[in-house]
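# quick one, fold the following:
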Amino acid sequence: MPPGLPTDLILSDRQPLRFETVEMHTGGEPVRIVTAGYPEIPGDTLLAKRRHVQTHLDAYRRFLMLEPRGHADMYGVIPVRPDLPGADLAVLFMHNEGYSTMCGHATLAVARWAVDTGQVRRREGVTRVGLQCPCGLVEVSVAVENGRAGAAWFDSVPAFAAALDVGVEVPGYGAVTLDIGYGGAFYAILPAQRLGLTMDSPVAALTDAAWAVAEAARAQVSLAYPDASHPDSGDLAFLYGTILTDGADAWSEEPTRNICIFAERQVDRSPTGSGVTARLALQQARGQIAAGQVRRFRSITGSEFTGSVVGTSWLGGVPAVTARVGGKGHYAGRCEFLLEADDDLGGGFRVL
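Numbers count the residues shown, from 1 in each chain. Just a heads-up that it's a prediction; the model follows:
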């Protein structure tokens, strides 16, 4: 019997565990949407559901995200019932290590999928999708032309500069100064040059450096605020990853490049929607971008998201912005995954 999977769901060789998925990508970053097979998730709120899957259903994440069905950089979405007013659907995000609180690339893909599958009423021109993410309600707009959904953009939850010019001692790299931005998740953000690298350095070198920064920042930087770790919920108060940039933060018509390393050394192929949101919050805090100015953010695959600041607000006494991030999710296929009862490796594994 494969370890970690509930025995009551592996009935026999004739009736194996089965999941159905829709496969998409946004800017090269995968989006595996689970459409059938996932058990009902209890919980009155989306964060409660997230805690439940972390504690009781994590074997299904490993089954779907890791080999032999996935890989170290796979990304997935579990649609669930929303609990917020204005939400058409809710989602839990998952990856190689656990469960994200926000994911922009998946949000863009899921919104297109929701329009195409009739989960929201399709309107020619622009269709609104209220998507409840663990970080809150995200308003998504999907372009519709001749009845076909296409590119999309979302207005973020309140994003903010959590800390500017923080000194961190990074083993192997020395003293480094970085910023911490929140865009639905917290990121350590700094130019790659401060680590002796450029955006043209090998991805392995960028990954090693970004991971070292994340580990050091988690140990040395507190995300504490006057009332709570995060103005909304302590469930959100953890450093999700590191974004290394080309240092071109002042507004320009030219794209700015970045790479995001998150979860367990996972490399984002897209520009990272929540990371773009966090970068915009930092740029606004430093006076590097004005309201309405549209910036282009380019990933390691050459794919681009657009981003702009479309509003300002306060979140728990912290000045915040609403970021608008745009891109397009593309379909890659449909899958049915199963597990035979005698497959000892079928529960999911990683080769490190």
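
# break down the stretch 1-150 of the chain into its strands, ranges please.
17-26, 29-36, 76-80, 89-94, 125-133, 136-145, 148-155 (DSSP state E, counting those that start in this stretch).

# in JSON lines, list those along with distance to Glu336, mean neighbour count and mean pLDDT.
(C-beta placed from N, C-alpha, C; glycine too.) Output for these, formatted as JSON lines (distance: least, CB to CB, whole Å; neighbours: other CB atoms under 10 Å; pLDDT from 0 to 100):
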{"stretch": "strand 17-26", "distance to Glu336": "5", "mean neighbour count": "20", "mean pLDDT": "96"}
{"stretch": "strand 29-36", "distance to Glu336": "9", "mean neighbour count": "22", "mean pLDDT": "98"}
{"stretch": "strand 76-80", "distance to Glu336": "15", "mean neighbour count": "22", "mean pLDDT": "98"}
{"stretch": "strand 89-94", "distance to Glu336": "19", "mean neighbour count": "24", "mean pLDDT": "98"}
{"stretch": "strand 125-133", "distance to Glu336": "26", "mean neighbour count": "19", "mean pLDDT": "98"}
{"stretch": "strand 136-145", "distance to Glu336": "27", "mean neighbour count": "20", "mean pLDDT": "97"}
{"stretch": "strand 148-155", "distance to Glu336": "24", "mean neighbour count": "19", "mean pLDDT": "97"}
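
# out of those strands, the one nearest Phe238 is which?
With CB to CB as the measure, strand 89-94 is the member of the strands of the stretch 1-150 of the chain nearest Phe238 (14.0 Å).

# strand partners of that closest one, parallel vs antiparallel please.
Applying DSSP bridges to the sheet, strand 89-94 is found paired with strand 76-80 (antiparallel), strand 125-133 (parallel).

# out of these, which gets nearest to Thr312?
Shortest distance between Thr312 and those, using CB to CB, is found for strand 125-133: 20.9 Å.

# show me the beta-bridge partners of Gly307.
Note on Gly307: beta-bridge partners by DSSP bridges are Arg295, Val325.

# neighbours of it, how many?
Gly307: 30 surrounding residues under other CB atoms under 10 Å.

# what about Val276, which SS state?
Here Val276 is helix, with the state taken from DSSP: H, G, I helix; E, B strand; the rest coil.

# now do the contacts for it.
104, 183, 297, 305, 307, 323, 325 (CB atoms under 8 Å, 6 or more residues apart in numbering).

# what does Glu336 give?
Contacts for Glu336 (CB under 8 Å, 6+ apart) come out as 18-21.

# check Gln266 too.
Contacts for Gln266 (CB under 8 Å, 6+ apart) come out as 72-73, 75, 95-97, 241.

# pull the contacting residues for Tyr212.
Careful, residue 212 is Ala; it's not Tyr. 170-173 are the contacts of Ala212 under CB under 8 Å, 6+ apart.

# so it is in which element?
Using DSSP states H and E, Ala212 maps to helix 203-220.

# over to Asp344?
Going by DSSP H and E, Asp344 is not in any helix or strand.

# now do it against Leu57, distance only.
21 Å (CB to CB, to the nearest Å).

# follow-up on the earlier one: out of the contacts of Val276, the closest to Phe337 would be?
Nearest to Phe337 among the contacts of Val276, with distances taken as CB to CB, is Gly104, at 25.6 Å.

# tell me how far that closest one lies from Ala209.
Distance, Gly104 to Ala209, by CB to CB: 23 Å.

# same deal with His56?
For His56 relative to Ala209 (CB to CB), the value is 36 Å.

# circling back to that earlier point, which one's more surrounded, Asp344 and Leu57?
The neighbour count for Asp344 versus Leu57, taken as other CB under 10 Å, is higher for Leu57 (16 against 9).

# hmm, back to that, by neighbour count, which of the contacts of Ala212 wins?
Of the contacts of Ala212, Val170 is surrounded by the most neighbours, 20 neighbours in total, counting by other CB under 10 Å.
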